[in-house]
Each structure stands twice: as structure tokens, then as C-alpha cells.
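> Below is the sequence, then the predicted model.
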Amino acid sequence: MTTHLLYLHGFRSSPQSAKAKQMAAWMKLHAPRVTWWCPQLPPSPTEALALLDQGVAGWPRHNMAVVGSSLGGFYATVLGERLGCPAVLLNPAVDPARDLARHIGETTQWHSDAPFFFRPEFVDELRAMTPGELARPSRYFAVIATGDEVLDWHEMSQRYRGAHLRIVEGSDHGLTDFEQHLPHVLHFLDLAPLP
């Protein structure tokens with residue numbers, strides 16, 4: 001059973017994302033003894049991974065799990081491969097070095113409009129940390145929306161071939177219907193039985 005759960009938001013997002021808040025509310029109400037951590041990730045991928053490595057350093061590998069959305073799904077895959085822990089991926093970025101190259105420069109966060117710089121070297125950092133073939137695909141559960149307007153659902157499905165896949169007809173990149181998928185996420189994490 002999961003005793004420590006890490007949630008990773010996507011590019012330009014934050015712990016204030018709808019999915020992060022829904023999961024945090026469920027954890028607080030139904031699993032208050034589970035350690036929950038949803039940090040604000042810095043723009044630098046290297047700094048983000050350093051923060052996460054430090055934050056989970058004392059967590060039990062056999063009882064921890066990570067959930068990641070979009071770019072957070074990419075980071076969740078990096079951690080899943082490094083630590084051997086289960087990971088849930090919500091419309092995960094497959095090749096963020098390629099996809100985020102067009103976002104180099106100043107941009108803003110979704111939930112605060114606070115500006116930040118996405119630097120050219122961040123693309124190199126993403127490329128350098130991209131995992132190869134998954135060591136154990138069965139450790140992963142990916143929720144993939146065919147209506148994702150940002151990422152290609154075929155590419156996501158191919159990347160996580162052999163994993164537990166929930167292909168959602170329609171929906172969107174943000175999974176605005178996340179409440180319908182949350183029970184399946186919790187079931188995979190061994191936090192709640194399917195209703």
C-alpha cells in the first residue's frame with residue numbers, strides 16, 4: 001500500500017492545478033496518514049529533479065509512488081526508473097525537450113501570471129535526463145486522452161506500451177473530467193478499491 005505520495009504538476013502549472021487540488025482533498029479526507037507532497041517545481045529540470053531527489057530521499061521505496069501530469073508525467077517517469085516506484089501518468093509528456101523548445105524565453109504561470117524564464121539550457125537538461133525503454137512497464141499507469149490538444153495521444157500510448165493504460169475518448173490535455181478517472185488512479189496506487 002502507498003504510504004508516501006508525490007504529485008508533480010505540468011509546465012507552467014502549480015500545486016493549484018485542478019487535478020492536484022482534487023487529489024490533495026481526497027488524500028486529506030480519506031488517507032490522512034499518507035505522506036502527501038506536491039511541490040512547486042522550478043523551471044530548470046535539473047533543479048526540479050534535485051529538489052525531488054532531496055525531498056523523497058528518506059521515503060520508503062517499496063511504499064512510495066508518484067503521480068505526474070504532462071511535464072510532471074515525464075518527471076514521474078524519470079523518478080520511476082531511478083527509484084523503481086510505481087508511477088501514474090496523466091497525459092504525460094513523452095519528448096519535452098522537443099515540445100518545449102518553442103517556449104524558450106519569458107512566459108507566465110497559469111495560476112498566478114507570475115513570469116519566469118524558460119532557458120535554452122533547460123531543453124538540453126530535459127534531453128539529458130530522458131529515460132530509455134521502461135525497465136518494468138507494469139509499474140506505470142497512464143491516463144491518456146484522445147482529445148488532448150497539446151500532446152499526441154498515439155505517441156503517449158506507444159511510449160507506455162506494456163503499462164496499464166486508460167485511454168479516454170475525448171477529454172482534453174488538462175483532463176477536466178479527472179474526477180471520473182481518480183478512482184482508477186487510487187485503485188492502481190492501492191489506496192482505494194474501485195467502486
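Looks like it arrived, so ask away.
> which residue ranges form the strands in this protein?
Along the chain, counting by DSSP state E, strands occupy 4-8, 35-37, 64-69, 87-90, 105-108, 115-118, 140-145, 164-168.
> mind checking pLDDT for residue 103?
The predicted local distance difference test score for residue 103 is 89.
> How about the one 5 residues further on?
Looking at residue 108, its pLDDT reads 78.
> again with residue 88
As predicted, residue 88 sits at a pLDDT of 98.
> residues contacting it?
Contacts for residue 88 (C-beta atoms under 8 Å, 6 or more residues apart in numbering) come out as 65, 66, 67, 68, 76, 140, 141, 142, 143, 185, 188, 189. Heads up, the C-betas are built off the backbone N, CA and C, glycines and all.
> Now it. Nearest residue, chain neighbours left out?
Leaving out its chain neighbours, the residue that sits closest to residue 88 by C-beta to C-beta, 6 or more residues apart in numbering is residue 67, at 4.3 Å.
> Surely that neighbour is in contact with residue 79?
No - with contacts defined as C-beta atoms under 8 Å, residue 67 does not count as touching residue 79, sitting 10.7 Å away.
> Leaving out sequence neighbours, find the closest residue to the residue nearest to the spatial centre of the chain.
Centroid-nearest residue in the chain: residue 68, 1.1 Å away (criterion: C-alpha atoms, centre = their mean). For residue 68, ignoring the flanking residues on the chain, the nearest one in space by C-beta to C-beta, 6+ apart is residue 76 at 3.1 Å.
> Looking at residue 67 and residue 79, which one has more neighbours?
residue 67 (27 against 23; other C-beta atoms under 10 Å).
> how near is that one to residue 176?
17 Å (C-beta to C-beta, to the nearest Å).
> circling back to that earlier point, adding distance to residue 46, write the strands of the chain out as CSV.
Below are the strands of the chain laid out as CSV (distance: least, C-beta to C-beta, whole Å):
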stretch, distance to residue 46
strand 4-8, 15
strand 35-37, 19
strand 64-69, 17
strand 87-90, 20
strand 105-108, 19
strand 115-118, 13
strand 140-145, 23
strand 164-168, 30
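> how about those strands, which one is nearest residue 47?
strand 115-118 (11.9 Å; C-beta to C-beta).
> export the closest one as CSV, just CAs?
Taking C-alpha atoms only, strand 115-118 is exported to CSV below (Å, rounded to 0.1, in the frame of the first residue of the first chain):
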residue,chain,number,x,y,z
PRO,A,115,6.6,35.5,-15.0
PHE,A,116,9.5,33.0,-15.3
PHE,A,117,12.2,32.3,-17.9
PHE,A,118,12.5,29.0,-19.7
